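Trainee: Below are the sequence and a predicted model; questions follow.
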2 protein chains.
Amino acid sequence: MPKNGLLHPDLSHDHGVFRKLTEQAVRLGTAPCHLKQLILHPGRFADFSLKTKGFFLDFSRQRMDADVFQALIRLAKETDACRTFSDMAIGKLVNTTEKRAAFHTGTRDFSGKNLKVGEVDVSAEMKRVNREIKDFSLAVHQEKIKGSTGKAFTNAVVIGIGGSYLGCEFAFEAMRQSIDPKIMLHFLPNVDIDNFNSVIKGIDPASCLWIVISKSYTTTETMANLAQAHLFLKANGLSPKDHLVTVTAKGSPGDDPSNPVLAAFHMFDFIGGRFSVTSAVGGVPLSLAFGFDCFERFLDGCHAMDSHALTTPESQNIPLVAALISIWNTFFLNYPAHAIIPYSSGLSRLAPHVQQLNMESLGKLSSADGRFLTRPGGTIVFGEPGTNAQHSFFQLAHQGPAFPIEFIGVIHPAYEGECATSKGVTNHQELWANMIAQTLALAIGKADDVPAKYFPGNRPSSMILINDLSPESLGTLLSFYEARTVFEGFILGLNPFDQFGVELGKGLASDIRKEIALKNQSPDHEFDHLGDAKKFYLETLFKGSLE
Amino acid sequence: MPKNGLLHPDLSHDHGVFRKLTEQAVRLGTAPCHLKQLILHPGRFADFSLKTKGFFLDFSRQRMDADVFQALIRLAKETDACRTFSDMAIGKLVNTTEKRAAFHTGTRDFSGKNLKVGEVDVSAEMKRVNREIKDFSLAVHQEKIKGSTGKAFTNAVVIGIGGSYLGCEFAFEAMRQSIDPKIMLHFLPNVDIDNFNSVIKGIDPASCLWIVISKSYTTTETMANLAQAHLFLKANGLSPKDHLVTVTAKGSPGDDPSNPVLAAFHMFDFIGGRFSVTSAVGGVPLSLAFGFDCFERFLDGCHAMDSHALTTPESQNIPLVAALISIWNTFFLNYPAHAIIPYSSGLSRLAPHVQQLNMESLGKLSSADGRFLTRPGGTIVFGEPGTNAQHSFFQLAHQGPAFPIEFIGVIHPAYEGECATSKGVTNHQELWANMIAQTLALAIGKADDVPAKYFPGNRPSSMILINDLSPESLGTLLSFYEARTVFEGFILGLNPFDQFGVELGKGLASDIRKEIALKNQSPDHEFDHLGDAKKFYLETLFKGSLE
């Protein structure tokens, strides 16, 4: 595996743009290319920042110069990333391994174009589902639909895992900063019974709705939690059919009239879980929480960034440039990870969403056309909000092994009350003073003869700005990360829409589950044939204690 | 910087144990040392697992064999890690750069030994503070101490950042799974005004206590949030002196009788923030939440692990062996990061706590005796609970760039109600089936001619088990991570107790704050002298929008 290899199987060591970028990475490692020098170049900030409506990206503190940038743009052109992106946005089968479209952008395209994916008139179907979401959420808010004892709904539990909740949770936590929820959402992703335990402590059963989200309606965790929810509803004398709604594929067991629920909303097989926030997966819970109009505003924000990504030339295309920066940092400068640090406590669940979006989409060893990549794709994504992170892991960010950081600033906070000042500034101003200072400190560093006080600097970061935590701004941010991820996948030559890497664990879990089920049926069942480790773990589970 | 260098400045390439380990790392990279082979060795599980009361560590799926293990134990002996640990536990000045002891283990040592650190009779002082915490929390629970309008306290807001909240938040979130809080805690670490905004939405002002935690009582974020809290209390007609308590150093501005508060609890300069959960920093909020007796049980759990770490020979010493594994993975096998995956939703805030503990302690480029290390210390630590993580980033864990994972299993869940079954097993059993399966899938992999279905395996993981989420078990877990971190620091030859790397950012933030304060005073103040980037950010902040 080449140490500095780009992973696209068609871009070998000898390919021109690859060789060029590898040479540039060596050059950028030399002293005159330290970031403290690069950022002083005249016009640096203007040349290395991009803006579209409501969204700003500053990459002037990335370790690159005009030569690197040009080579990266060439890489994007030679790998035809924009063409594949356009194909995706008109419903072509870009999910090659699963032979499907990847048409999440269609969920927020109200341009009136009609699109068929296979035999399905996608536009009409999406409109129908959105109309149903609108009518249903309004009926709940107007108390025309109520629980089985006649109580109005005030809480809802979302049962769904991975892509069926992470994006929705991010959007809910951010939107509720400025909009009071009509219905409070709770999330039950984990099959851990203590997740259920926490959730039921926060709800009144009679006024609680359960939203079950699973495309196949067979996801193990979701079905287990649904069984537990059924038990809970019955124990509280409530009728499941009056307290459950489903978001699932047409014709799945969750969309079966013999299994009556309050409502079933359809999701489509051409929209993957981690790209599904703007489908019914996010639409049902977010519309119940904030009203369908807020969800529509969120879709508008997404569509604005989609349009930018679709129509803007490579060198000004914000998510494309961000994808190239990620490729440069990961595959040429060989950084081990990528941090996302929003200076906004309302964006506290952004990093877990992007972590899934990025790592599940790009963590692959197979190319889109079924060959081995020369090096596995993807990188570790993690993050916590600033300024918290400054008091947590920024010691390592400044003086430990270096990694690139993406800062996110929110210009206008949600809070509208009276503000105290401390040291002459408001809290929001203090937050920004710190955010700006961190990007500079990482870049320029500080010489000192005392090693403990020496800062090497030359640590890359980008800055993203959005206006506020309004549904529109959050939609723009969501769509930026979606587009960045798929651009990166297209350039690397892999399929960002499948996830075969989760199958082996599922299979092995099934074998172990069978052993546990056997023991549940026959307490005499022994685990001796399973090898020392499995035997120990299963015996300990049944014993209930180490002692 | 040597690619495979251990960072201890005394352990050069030529040092015996270093050369030995480097050779072993090369040997372990060959096919016969694939984990699928290693785990089949007779006695593997017994030889590569360790147990103490209530705590189990299985490292049989780490990429090592007996030779590697012996060399690592030799490394621990040659660097005298256990002696430095013992020095720490009797209050010697192991925090060399700041010329202080690091005596967090003293907060849970009730053996009756009296210890002086400098001039302070530490044991007596710690007992005094704990007695004050016990009396105060009891008086609040018995409603002898109430708010200024006579309402009993039912909520408390913890104002503190970094080490002043992350450990407490982890313990609170975990303990509340099995113990209903008498006082509900809310956390206000971030200077972001939206953190304040969220907190005040969840409390009734008249029945809310504010706990201000800062050793120096000068931490910028904490003081800004305190100013905002003062404003809030006054706006609600409440007297700050009846609603505030402080946890701070003796004689700090928070311990000043001319600034009256309900109570001031002392913290000590020989206990660093990230090691302070078992001091008044965790003691005050956790005792208010669950009662002082629960906090004492938590301390008992910590003490049990402290005693194990202090008295157990290297090769059976659980936190020491875990530290050696971390060093092996980071500095010899060159993995880019370390994931912590608790299969317990109650442990959802463990990873952020350990992230700080580890990255702030070890992310250093300076040795304890003031020389440059040959390579910076520390690695990136991140994590989310399983099974959630399986549906998020485990695609990359199986098929992307490899990284070691630490699984944590909780044998007995907190939930005690009726359990549904699905596919013949309960939710807790399903959780365990998945946890066991993941460790195996990562280790053994699966051959397949189709690249998308090929799993390389050979991906290292450990498994930790604790009995439950009781205060005792959580204490053991906390102390394990503290001891592992300091052992790693001692072996690497750095000081795990300082954090000079956060100073540069603080200084630059102060400069920017001054500019903002000037503009607040004089709206005509211009930012033209600050360079393009700072000027743009500050103008955007004052304008309030990108447009």
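Mentor: Nice, I can see it. Numbering: from 1, shown residues only, chains lettered A, B, ... in the order given.

Trainee: and the closest residue to A:Leu28 other than its chain neighbours, which of the three is it?
Mentor: Nearest residue to A:Leu28, sequence neighbours excluded (C-beta to C-beta, 6 or more residues apart in numbering or on different chains): A:Arg63, at 5.3 Å. Any C-beta I mention is one placed from the backbone N, CA and C, and that applies to glycine too. Going by DSSP: H, G, I helix; E, B strand; the rest coil, the secondary structure assigned to A:Arg63 is coil.

Trainee: wait, what's in contact with A:Glu23?
Mentor: Going by C-beta atoms under 8 Å, 6 or more residues apart in numbering or on different chains, A:Glu23 touches no other residue.

Trainee: and what of A:Tyr165?
Mentor: Applying C-beta under 8 Å, 6+ apart to A:Tyr165 gives the contacts A:Val158, A:Phe187, A:Pro189, A:Ile213.

Trainee: from these, which single one is nearest chain B?
Mentor: Nearest to chain B out of the contacts of A:Tyr165 is A:Pro189 (C-beta to the nearest C-beta; 5.3 Å).

Trainee: correct me, but that closest one touches A:Gly162?
Mentor: Yes - with contact defined as C-beta atoms under 8 Å, A:Pro189 counts as touching A:Gly162 (7.4 Å).

Trainee: which neighbours do those two share?
Mentor: What both A:Pro189 and A:Gly162 touch, as defined by C-beta under 8 Å, 6+ apart, is the set B:Asn388, B:His391.

Trainee: Which of the contacts of A:Tyr165 fall in helices?
Mentor: Using DSSP state H, no member of the contacts of A:Tyr165 falls in helices.

Trainee: can you narrow these to ones near chain B?
Mentor: Residues of the contacts of A:Tyr165 in contact with chain B (C-beta under 8 Å from any C-beta of the partner chain): A:Pro189.

Trainee: who wins for neighbours among the contacts of A:Tyr165?
Mentor: Counting neighbours by other C-beta atoms under 10 Å in any protein chain shown, A:Ile213 comes out on top of these with 30 neighbours.

Trainee: May I have the beta-bridge partners of A:Ala337?
Mentor: Beta bridges link A:Ala337 to A:Ile380, judged by DSSP bridges.

Trainee: pLDDT added to the contacts of A:Tyr165, as JSON lines?
Mentor: JSON lines is the format used below for these (pLDDT from 0 to 100):
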{"residue": "A:Val158", "pLDDT": "98"}
{"residue": "A:Phe187", "pLDDT": "98"}
{"residue": "A:Pro189", "pLDDT": "98"}
{"residue": "A:Ile213", "pLDDT": "98"}
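
Trainee: need the contact list for the residue in the stretch 51-200 of chain A that chain B sits nearest to.
Mentor: Residue nearest to chain B within the stretch 51-200 of chain A: A:Gly162 (2.7 Å; C-beta to the nearest C-beta). Each residue near A:Gly162 by C-beta under 8 Å, 6+ apart is listed here: A:Pro189, A:Gly273, A:Arg274, A:Gln356, A:Glu360, B:Asn388, B:Gln390, B:His391, B:Ser392.

Trainee: circling back to that earlier point, what are the phi and psi angles of the residue nearest to A:Leu28?
Mentor: Backbone torsions for A:Arg63, taken as degrees, to the nearest 10, come to phi -80, psi 70.

Trainee: Can you read off the pLDDT for it?
Mentor: pLDDT recorded at A:Arg63 is 97.

Trainee: quick revisit: just the ones in helices from the contacts of A:Gly162, please.
Mentor: A:Gln356, A:Glu360.

Trainee: Next, format the contacts of A:Gly162 as TSV and append distance to A:Leu442.
Mentor: Converted to TSV, these look like this (distance: C-beta to C-beta, whole Å):
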residue	distance to A:Leu442
A:Pro189	34
A:Gly273	34
A:Arg274	29
A:Gln356	26
A:Glu360	28
B:Asn388	31
B:Gln390	33
B:His391	33
B:Ser392	27
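
Trainee: of all the contacts of A:Gly162, which two lie farthest apart?
Mentor: Distance extremes for the contacts of A:Gly162: the farthest pair is A:Pro189 and A:Glu360 at 14.5 Å, using C-beta to C-beta.

Trainee: for the helix ranked longest in chain A, what is the average pLDDT?
Mentor: Using DSSP H to assign secondary structure, the helix with the most residues in chain A is helix A:471-492. What helix A:471-492 shows for mean pLDDT is 98.

Trainee: Report all helices and strands that it contacts.
Mentor: strand A:55-58, helix A:66-78, helix A:81-89, helix A:166-175, helix A:292-311, helix A:318-327, helix A:350-362, strand A:461-466 (3 or more C-beta pairs under 8 Å, 6 or more residues apart in numbering or on different chains; DSSP states H and E).

Trainee: May I see the ones you listed organised as JSON lines, with distance to chain B, mean pLDDT and mean neighbour count added?
Mentor: Shown next, in JSON lines, are those (distance: least, C-beta to the nearest C-beta, whole Å; pLDDT from 0 to 100; neighbours: other C-beta atoms under 10 Å in any protein chain shown):
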{"stretch": "strand A:55-58", "distance to chain B": "6", "mean pLDDT": "98", "mean neighbour count": "22"}
{"stretch": "helix A:66-78", "distance to chain B": "16", "mean pLDDT": "95", "mean neighbour count": "18"}
{"stretch": "helix A:81-89", "distance to chain B": "18", "mean pLDDT": "96", "mean neighbour count": "19"}
{"stretch": "helix A:166-175", "distance to chain B": "7", "mean pLDDT": "98", "mean neighbour count": "25"}
{"stretch": "helix A:292-311", "distance to chain B": "13", "mean pLDDT": "98", "mean neighbour count": "21"}
{"stretch": "helix A:318-327", "distance to chain B": "13", "mean pLDDT": "98", "mean neighbour count": "26"}
{"stretch": "helix A:350-362", "distance to chain B": "4", "mean pLDDT": "98", "mean neighbour count": "26"}
{"stretch": "strand A:461-466", "distance to chain B": "6", "mean pLDDT": "98", "mean neighbour count": "24"}
